[in-house]
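In: Curious how this folds, go ahead:
(one chain, ligands or ions: 1)
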Amino acid sequence: KAKRKQLKAEAAAAAEAASSGKKDKKEKKDKKRKTKEPASSDEEGRSSTSSESDRAPAAKKAKKDKKDKKAKAEPAEEPANDDGELTASGEEEEPADPNALANFRISEKLKDKLKSKGINALFPIQATTFALVLDGNDLVGRARTGQGKTLAFVLPILESLVNGPHKATRRTDYGRPPSVLVLLPTRELANQVHADFEFYGGTFGLSTCCAYGGSPYRPQENALRQGVDIVVGTPGRVKDLIEKQKLNLRCLKFRVLDEADEMLNMGFKDDVELILGKVEDVTKVQTLLFSATLPEWVKKV
Ligand SMILES: Nc1ncnc2c1ncn2[C@@H]1O[C@H](COP(=O)(O)OP(=O)(O)OP(=O)(O)O)[C@@H](O)[C@H]1O
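Out: Numbers count the residues shown, from 1 in each chain. Got it, this is the predicted structure:
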């Protein structure tokens, strides 16, 4: 009986020892897990359940793929402009070209017309003259053929008549005398300039008449009687129309002498002087003169 009691006591002690060993082990295990846990929860900011930690590599891969795609897409997010310069992404694109239409006081309608002709920026001669003419100055411009001289006076004249200094006093009534007179040495040039004034001036409802020698008088006289805003012509025919009292220059806001040296060479000296002398008050007229060379007579004019 005593032996059985001892065996029981030994078994109980062994069981207790075993249980306390398990407890130790469990405590150690728990400790171990606790030291691991912060790392795993910090890693992705997620709880470390087994199912989630199993998903983590896939999520990481997706994230990496996205990063790679973004890196590949990045060059497209910073587009290069026509000059190859990078422009700031996410902001409205600033026109890098100082001569871009946006940098000039050109109305939207006129800009649209220019763009329809593929003109997105002004040529240097146009950029130089635009503000000067629009602000009311007289001008002498030396320019070779093909530099875009025509638009150098067409654009600021139109803006000045419609939105600028001459807006308030410009006549718009039926039978009005013209606001603009352009003199050129040849009918080809007159036709060219007339076409530009018609195309761009038409935007504002401005009418143009072309008058050169050899063409019938009747249509020109009819147009002048009804009233036009712009007259483009050669000196001989313009002088004739003045002398026939079909054309009167008393309301003129602009007079343009284009290719002045050529007009001199072609013998239009007297006609030009007579026409210029018909303006009553020169302080009320802007005079723009373009010439490839500046002989004495051109300087005097
Ligand atoms: N800013 C511009 N951008 C692109 N093209 C333009 C621009 N200005 C004018 N042009 C074009 O350039 C060409 C020459 O222009 P323009 O005829 O006005 O030159 P010009 O110097 O007056 O020539 P010309 O001496 O023969 O009269 C035309 O075809 C015109 O449409």
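
In: Could you use CA atoms for every contact and neighbour count after this?
Out: Noted.

In: What's the mean pLDDT across the single longest strand found in the chain?
Out: Counting by DSSP state E, the longest strand found in the chain is strand 286-291. Per-residue pLDDT over strand 286-291 has a mean of 95.

In: partners of it in the sheet?
Out: Counting by DSSP bridges, the strands paired with strand 286-291 are strand 139-142 (parallel), strand 254-257 (parallel).

In: how about the first one: buried residues?
Out: It stands for strand 139-142. Under the neighbour-count criterion of 16 or more other CA atoms under 10 Å, strand 139-142 has L139, V140, G141 buried.

In: Can you lay out these as JSON lines showing pLDDT and distance to R187?
Out: What follows is those, written out as JSON lines (pLDDT from 0 to 100; distance: CA to CA, whole Å):
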{"residue": "L139", "pLDDT": "94", "distance to R187": "24"}
{"residue": "V140", "pLDDT": "93", "distance to R187": "23"}
{"residue": "G141", "pLDDT": "90", "distance to R187": "21"}
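
In: Can you name every helix or strand that the helix or strand following the longest strand of the chain contacts?
Out: Beyond strand 286-291 in the direction of the C-terminus, DSSP states H and E gives the next helix or strand as helix 296-300. Helix 296-300 sits against helix 260-265, with contacts defined as 3 or more CA pairs under 8 Å, 6 or more residues apart in numbering; DSSP states H and E.

In: could you give the mean pLDDT of the helix it packs on?
Out: On average, the pLDDT along helix 260-265 is 94.

In: continuing past it, what's the next helix or strand?
Out: Sequence-wise, the next helix or strand downstream of helix 260-265 (DSSP H and E) is helix 269-276.

In: With just CA atoms, put that next one into CSV.
Out: C-alpha atoms of helix 269-276 as CSV (Å, rounded to 0.1, in the frame of the first residue of the first chain):
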residue,chain,number,x,y,z
LYS,A,269,6.5,109.1,-108.0
ASP,A,270,4.0,111.9,-108.9
ASP,A,271,0.9,109.7,-108.5
VAL,A,272,2.1,108.7,-105.0
GLU,A,273,2.8,112.3,-104.0
LEU,A,274,-0.6,113.4,-105.2
ILE,A,275,-2.4,110.6,-103.3
LEU,A,276,-0.5,111.3,-100.1
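
In: ok, and for it, which residues are buried?
Out: So helix 269-276, judged by 16+ other CA under 10 Å, has buried residues K269, D271, V272, I275, L276.

In: Kindly reformat these as TSV containing distance to the ligand and pLDDT.
Out: Listed next are these as TSV, based on distance: CA to the nearest ligand atom, whole Å; pLDDT from 0 to 100:
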residue	distance to the ligand	pLDDT
K269	20	95
D271	21	96
V272	19	96
I275	22	96
L276	22	94
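
In: before we move on, the earlier item: just the closest of the buried residues of strand 139-142 to the ligand, please.
Out: Nearest to the ligand out of the buried residues of strand 139-142 is G141 (CA to the nearest ligand atom; 11.0 Å).
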